[in-house]
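In: what's the 3D shape of this:
(chains A and B)
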Amino acid sequence: MAEMTTPSAPASQVRALPLVLLVLAVAALAAVPFALPSMQLLVNFALAKGIAVLGVTVLLRAGQVSFGHALFFGISAYCGAFLIASWPGADLVVLIVVGALGATVSGLIVGLFVVRYRGIFFGMLNLAFSMIFWSILEKFYHITGGADGIRLPRPTVLGLSLERGPFELVVYYLAIALMLGLGWFTIRWFASPVGHLFQTIKTNETRLEYLGVSPKRALLSGYLLSAALCGVGGALMGITQGVVTPEYVWWVRSAEMVFIAVLGGAGSVPGAFIGALIYETVRIYASALAGDVWQAILGAFLLVIILFAPGGIVGIARRIGGRS
Amino acid sequence: MDLTIFLLAVFDGVAYAALVFIVALGLTLIFGVMRILNVAHGSLYAIGAYVTVSLVAWAVAAGAAPVLAFPLMIVSAILVGVALGGPIEWLLLRRIYDKPEVLQLLVTFAVFMILEDVQRLVWGTQPYFQSTALMTLGNVTVFGVTYTVYQLILLPLIALVLLIGMRVFLRHTVVGKLILATTEDREAAQSIGIDADKVFLLTFVLGAVLAGLGGALASPTTSILPGMGADMIVLSFAVVATAGLGQIEGAALTALMLGLGRSFAVYLWPEVSVLVPYVIMIVVLSFRPQGLFSTPAARKI
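Out: Residues are numbered from 1 along each chain as shown, chains lettered A, B, ... in the order given. Reported below is the predicted structural model:
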């Protein structure tokens, strides 16, 4: 595993991504709605996905890969859709909070079960749970709307009902703010005692036990964080799209999140967002230019990354940075 | 539930389990030997079905006897194994055996993505039906229930032959013993002169042939359409994980259990039928975390 992530030192990771670069990147993102309005929606999707990918990244730090984290992405989005259906005046903030809570609670239920496993079993059991939820969404269509999903009408923003344009702007900047806040929180969490215990699961779990620490509990804490992050991403995605479908939970979505995490640089916080931006861009252009083979193009892209740059984009950047 | 429904559910379950087992057998063989979970296995299954449908349709159109559908299934399976399985192992997997598990999974996932589009490009998105093989064998009536010979007798028979054949092959032939030795300890096997690269290639091709064969055998019983590979890979994962990874006989029993569970659910509570295999898997793994038929591994400190 040594090749995938540099030994975890979150504080140095902050330094490795100089503040200047971060400010430039955020400024560039903030300028998108004015400089490139046609890209706004795409970037918004990428940010929502990036937050969810951050959840997968957290687990990668413990050496675990989940092939079912779209579950929490979807649960959160459906929570929002059901909430606004029963309470039409629900606020944007309420939707995201409730979505994240729903994802965290389901993360606790699933987590209590899956933290007993590592490696392939961990990945597969997560997959099984997401498949179960997916089938429920598909089959109980009188409640869930089946494959068509349910609408998630535009919520109010702090009590104001906005037109489409301003609303999209608000959601866009909220996504940027959430990216910064949650990214910062995750880096701080990795540096915290709990975060350190959590990352020890990857390096030496047995030693953790000898220290008198329960690895299951350590893994569960990270699992809850990852579920909550996927929840925030899912709520944002649902609100941006205005409709939630079972496709949110489909296992290919889960695999896509792992894909993006590896593309950006497995275990890297900025990598999650860089990966998501590149992925969404390639996906949109590949599907526009070569509609029939966009999936194959992405697959080939993934192969190239794994075979030639297993550190992902962030790994490439570090190597270039290290040379200069 | 009367006897007819009961028998129908049993027959459905057995026929379905036989197909799932054949696919899962390939998956668990590859995993057992190479420690790689091959996500592209589902695509090989789907392509096996597509190739069979095309070949049989072409043969029937050319005026060939319908019985020819059976050898064509085997041809398709071997074609899938050699033309797809071979290059996948040789060009891709060979480079990543020393990489982390996560990356190995993702490589096979990338292959899956590519092959899904290849299917769409070659065969389009229209569903295909080709039941020549099913018709050729006709029906059989058991306790007043009429069922196709193909599903009730041929499929379980093939599954059984493959199960026994695999056991004999692995334990009583030289090549099988080489595979087992490499599985046990790759370095030790290499040090006594076993070409591990060749063993891995052979194993992967064999596994891919089984996936293709599963698809070929499934093709007369179902409509062939995009997405069938994804469904099958998740289900055969469930079988393999419930049995315990690398457990061949266990996979047969588990496939039967999941198949019967699913088919009874179809008659009793259709909405949840898709869930049943996963629920069984979760229940089993709650009590036996290493799978039904695996023994817990010793912990190394």
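
In: contacting residues for the nearest residue to A:Ala62 once chain neighbours are set aside?
Out: Here the nearest residue to A:Ala62 in space, its sequence neighbours aside, is A:Ile201; by C-beta to C-beta, 6 or more residues apart in numbering or on different chains that works out to 4.2 Å. Where you see a C-beta, it was placed from the backbone N, CA and C, and this is true even at glycine. Residues counted as contacts of A:Ile201 (C-beta atoms under 8 Å, 6 or more residues apart in numbering or on different chains) are A:Ala62, A:Gly63, A:Gln64, A:Arg118, A:Leu208, A:Pro215, A:Ala218, A:Leu219.

In: so which residue of the stretch 1-150 of chain B comes closest to chain A?
Out: Of all residues in the stretch 1-150 of chain B, B:Met113 sits closest to chain A, at 3.3 Å by C-beta to the nearest C-beta.

In: show me the contacts for the residue nearest to that residue when sequence neighbours are not counted.
Out: Counting by C-beta to C-beta, 6+ apart, B:Met113 lies nearest to A:Gly299, which is 3.3 Å off, once chain neighbours are set aside. Applying C-beta under 8 Å, 6+ apart, one finds that A:Gly299 lies in contact with B:Phe109, B:Ala110, B:Val111, B:Phe112, B:Met113, B:Ile114, B:Asp117.

In: which of these fall in helices?
Out: With DSSP state H as the criterion, helices contain B:Phe109, B:Ala110, B:Val111, B:Phe112, B:Met113, B:Ile114, B:Asp117 from among these.

In: dump the residues you listed to TSV, plus distance to B:Ala230.
Out: What follows is these, written out as TSV (distance: C-beta to C-beta, whole Å):
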residue	distance to B:Ala230
B:Phe109	11
B:Ala110	14
B:Val111	13
B:Phe112	8
B:Met113	11
B:Ile114	14
B:Asp117	13
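
In: of all these, which comes closest to B:Leu268?
Out: B:Leu268 lies nearest to B:Phe112 out of the ones in helices among the contacts of A:Gly299, by C-beta to C-beta, at 33.3 Å.

In: just the buried residues of the lengthiest helix in chain B, please?
Out: Counting residues, the longest helix found in chain B (DSSP H) is helix B:3-34. For helix B:3-34, the buried set under the neighbour-count rule, 16 or more other C-beta atoms under 10 Å in any protein chain shown, comprises B:8-34.

In: cool, stretch B:159-167 as well?
Out: Burial within stretch B:159-167, assessed by neighbour count using 16+ other C-beta under 10 Å, is assigned to B:Ala159, B:Leu162, B:Leu163, B:Met166.

In: quick one: which of the residues you listed is nearest chain A?
Out: Using C-beta to the nearest C-beta, B:Met166 is the member of those that lies nearest chain A, at 21.6 Å.

In: what sits against B:Ile30?
Out: Listed by C-beta under 8 Å, 6+ apart, the contact set of B:Ile30 reads B:Ile36, B:Asn38, B:His41, B:Thr203, B:Phe204, B:Gly207.

In: residues near residue 198, how many?
Out: No chain was given, so I picked chain A. Neighbour count of A:Phe198, defined by other C-beta atoms under 10 Å in any protein chain shown: 27.

In: wrong chain, I was asking about chain B
Out: The local packing of B:Lys198 (other C-beta under 10 Å) involves 12 other residues.

In: in which helix or strand would I find it?
Out: helix B:196-218 (DSSP states H and E).

In: who's in contact with the helix or strand hosting A:Ile109?
Out: Per DSSP H and E, A:Ile109 falls inside helix A:92-114. With C-beta under 8 Å, 6+ apart as the contact definition, helix A:92-114 has outside contacts at A:71-73, A:75-77, A:79-80, A:83-84, A:122, A:125-126, A:129, A:155-158, A:170-171, A:174, A:219-220, A:223-224, A:226-228, A:230-232, A:234-236, A:238-239, B:282, B:286.

In: swap in 7 Å and give it another go.
Out: The contact list for helix A:92-114, computed with C-beta atoms under 7 Å, 6 or more residues apart in numbering or on different chains, reads A:72, A:75-77, A:79-80, A:83-84, A:122, A:125-126, A:129, A:155-158, A:220, A:223-224, A:227-228, A:230-232, A:234-236, A:239, B:286.
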